[in-house]
Structures are given as structure tokens and as C-alpha cells.
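In: no FASTA, just this:
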């Protein structure tokens with residue numbers, strides 16, 4: 001078990017190192033100059049040069065530079081502090097992700113504010129979709145080859161195949177016209193709330209439609225995975241033995257099928273939880289939710305390298321960490337791993 005945990009943790013750390021390197025170079029190959037994104041005809045060349053110097057864009061990406069106290073590598077003179085890559089690594093080790101080119105604010109502050117909104121919205125949708133998907137998958141497998149099973153399959157396939165943005169717009173129109181629900185944002189603009197409870201009730205009303213969109217789409221995926229896993233397990237010899245002992249279907253589901261069916265489901269849940277940190281960009285765009293996905297879209301249009309790098313790093317590390325948690329859960333759910 002210790003070797004298994006150390007091996008998985010080691011591979012996760014190596015993947016993080018690779019992501020850090022990729023994270024730096026990925027956004028440096030984009031066309032354009034962030035210093036020229038300020039579309040002001042009065043902006044002169046010396047002002048552009050000052051912006052480039054302020055954000056460190058005047059320094060070479062990773063090339064060799066002349067220094068007073070050089071570190072010689074062959075015929076190359078290198079000073080890591082005088083390169084964009086060196087400053088990026090040093091700032092990252094200090095927990096700094098840089099300053100936004102557009103807003104002049106620390107990237108950590110921008111991402112933390114948007115991340116809270118994303119986790120609030122998508123986290124609720126994930127929890128509901130996991131519970132609903134597992135329950136529907138269990139019921140569909142329990143009533144296999146019946147009308148209930150066929151209805152669950154049809155509904156799950158339909159939900160999983162729906163375009164997120166289209167389904168979100170349908171729910172937006174339906175919910176706002178039929179029930180008067182808010183069409184976008186996190187909170188009513190200019191709302192004068194008598195108490196904190198009233199404020200959270202208003203936020204909850206804004207969350208209903210986007211959370212419902214996320215829940216329905218992902219619940220269809222979890223239902224299909226759970227149903228398929230349990231139907232496959234029902235054909236195993238140990239399940240036939242349990243039936244021969246006189247156990248009813250519910251006991252077999254609870255004691256034999258469910259623990260084994262959770263293995264593939266844990267994997268897909270972990271992957272989705274990792275991508276949850278990045279936010280459902282389409283859902284946030286449709287419902288104008290101020291989350292991490294919307295911040296990424298805006299940063300792409302502005303070529304805001306620090307924000308893009310920070311968001312990409314946060315997404316990648318979240319996916320890696322979620323996969324590591326899934327691997328560690330495997331070691332407790334699957335006895336074969338514990339015995340080597």
C-alpha cells in the first residue's frame with residue numbers, strides 16, 4: 001500500500017512539474033503584444049515601452065543575456081533573474097501568480113474571487129448530479145429490461161447529449177417566463193437586503209437555473225456509468241452465488257454490486273470534479289455568472305497572460321489532484337490493490 005501511494009503521488013508531482021513548464025510557454029506562443037492591447041491612438045511608443053518594462057515583457061523569454069555576475073554554461077551567459085521564465089518560476093515558488101495586465105490587480109486575488117463563485121455554483125450542481133445519477137443508475141439496473149430501465153436510459157442519453165449552451169438557454173427562457181426566475185448574474189443589482197439571510201435567498205434564486213442545467217446534464221452521464229457497471233456485475237459468478245443463498249435483489253445491490261460498481265464511477269466523478277474548478281464556461285456565459293470560466297474568456301480576448309497562466313495552472317493542478325484522490329480511493333475500494 002505504501003509503495004502504491006508513493007508511486008501515485010510521485011507521478012502526480014512529476015505531472016505538476018510538466019504542467020508548470022507547459023503553462024509558461026503555452027501562452028507565450030500566442031500572436032500579438034499584450035502591451036498594445038490598449039487601443040488608444042494617443043499611446044506613444046515610449047508609453048508602450050514603459051508598459052513592456054513594467055510587466056517584464058522587455059526581457060527575453062528564456063534566452064541568454066549579458067550580466068555582471070554571469071553563470072557560464074558552455075559559451076552561453078545566463079542569468080535566470082533576467083528572463084521571463086526565471087521570474088515566473090521564482091514568483092510561483094513564492095505563491096505569486098503575477099499581476100493582471102488589464103486590471104493591474106494580483107492574479108491570486110482575481111482567481112480567488114471568481115473561484116468562490118464557481119465552486120458555489122458548480123459544486124452544488126456536482127453534488128446533486130452525483131446523488132441523482134447514482135440513484136437513477138441503481139434503480140435502472142434493479143429494474144433492468146423494464147419500462148423504468150428504458151425510460152432511465154432514454155432520459156440519460158438525451159440529457160448527456162444535449163448541448164450545454166442550448167439547454168441553458170432553454171431553461172433560461174422557460175424559468176424566467178414561467179416562474180419569474182432571474183435570467184443572469186449572481187445577485188440582484190442594487191438590491192437593498194434587510195438581512196444577510198435575504199441576500200443569500202436572492203443568490204439562491206439566481207443559482208436555480210444554472211445549477212439545474214449542470215445537474216441534469218451530468219446526472220445523465222453518472223446514470224449511464226452506474227447502470228452499465230451494475231448490469232455487468234449482475235452477470236458475475238459471485239452474484240449468482242448470492243442469489244442461490246436466497247439474498248434478495250436489494251441485498252445484492254447494497255452488499256455486492258454497489259461497492260464494485262463505484263470503482264468506474266469514482267474515476268469519472270474525480271475527473272469531473274477536477275474540471276469543476278475551471279467552471280462550466282458555457283453555463284457561466286449563458287447565465288452571466290461571475291465565475292472562473294468567464295474570467296478565462298475575458299483574459300483570452302485581452303491576452304492577459306498572467307490571468308490565463310494562473311487559471312490554467314489552477315485547472316491542471318485540480319485535475320491532477322482529483323485523479324490522485326481517485327487513485328487513493330481505489331486502494332480502499334478495491335482489495336486487489338491492497339494485496340498487491
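Out: Alright, I've got the coordinates. None of these values were measured; they are calculated from a predicted model.
In: Confirm that residue 101 sits in a strand.
Out: No - Residue 101 is assigned coil when assessed by DSSP: H, G, I helix; E, B strand; the rest coil, not a strand.
In: And it, its phi and psi?
Out: Torsion angles at residue 101 (phi, psi; degrees, to the nearest 10) stand at phi -70, psi -30.
In: how about residue 92, what does it touch?
Out: The contact partners of residue 92, taken as C-beta atoms under 8 Å, 6 or more residues apart in numbering, are residue 20. (Glycine included, C-beta is placed from N, CA and C.)
In: do the same with the one 3 residues further on
Out: With contact taken as C-beta under 8 Å, 6+ apart, residue 95 is in contact with residue 108.
In: Could you tell me the backbone phi and psi angles at it?
Out: Per degrees, to the nearest 10, the backbone of residue 95 is at phi 80, psi 20.
In: Show the pLDDT at it.
Out: pLDDT, residue 95: 78.
In: Name the nearest residue to residue 217, ignoring sequence neighbours.
Out: residue 159 (5.7 Å; C-beta to C-beta, 6 or more residues apart in numbering).
In: what number of residues lie near the one you found?
Out: 20 (other C-beta atoms under 10 Å).
In: helix, strand or coil for residue 185?
Out: Relying on three-state DSSP, one would call residue 185 coil.
In: can you pull the contacts of it?
Out: So residue 185 contacts 206, 287-290 (C-beta under 8 Å, 6+ apart).
In: which ones are touching the residue nearest to residue 217?
Out: Counting by C-beta under 8 Å, 6+ apart, residue 159 has contacts 216-217, 219-220.
In: where does it sit relative to residue 255, distance-wise?
Out: As judged by C-beta to C-beta, to the nearest Å, residue 159 and residue 255 stand 30 Å apart.
In: What subset of the contacts of residue 185 is buried?
Out: By neighbour count, with 16 or more other C-beta atoms under 10 Å, these hold 206, 287, 289-290 as buried.
In: Which ones among the residues you listed lie within strands?
Out: The strands, defined by DSSP state E, take in nothing from the buried ones among the contacts of residue 185.
In: Which of these lies at the shortest distance from residue 171?
Out: residue 287 (9.1 Å; C-beta to C-beta).
In: so how far is residue 296 from the closest one?
Out: 16 Å.
In: got it, and residue 330?
Out: According to C-beta to C-beta, residue 330 stands 31 Å off from residue 296.
In: Looking at these two, which has the bigger crowd around it?
Out: Between residue 330 and residue 296, residue 296 has the larger neighbour count (other C-beta under 10 Å), namely 22 against 19.
In: For the residue nearest to the more buried one when sequence neighbours are not counted, grab the count of nearby residues.
Out: With C-beta to C-beta, 6+ apart as the criterion, residue 296 has its nearest non-adjacent residue at 5.0 Å, and that residue is residue 311. Burial measure for residue 311: 27 neighbouring residues, criterion other C-beta under 10 Å.
In: which parts of whichever strand or helix holds residue 311 are buried?
Out: In the assignment (DSSP states H and E), residue 311 maps to helix 305-333. If you call a residue buried by 16+ other C-beta under 10 Å, then helix 305-333 has these buried ones: 305-330.
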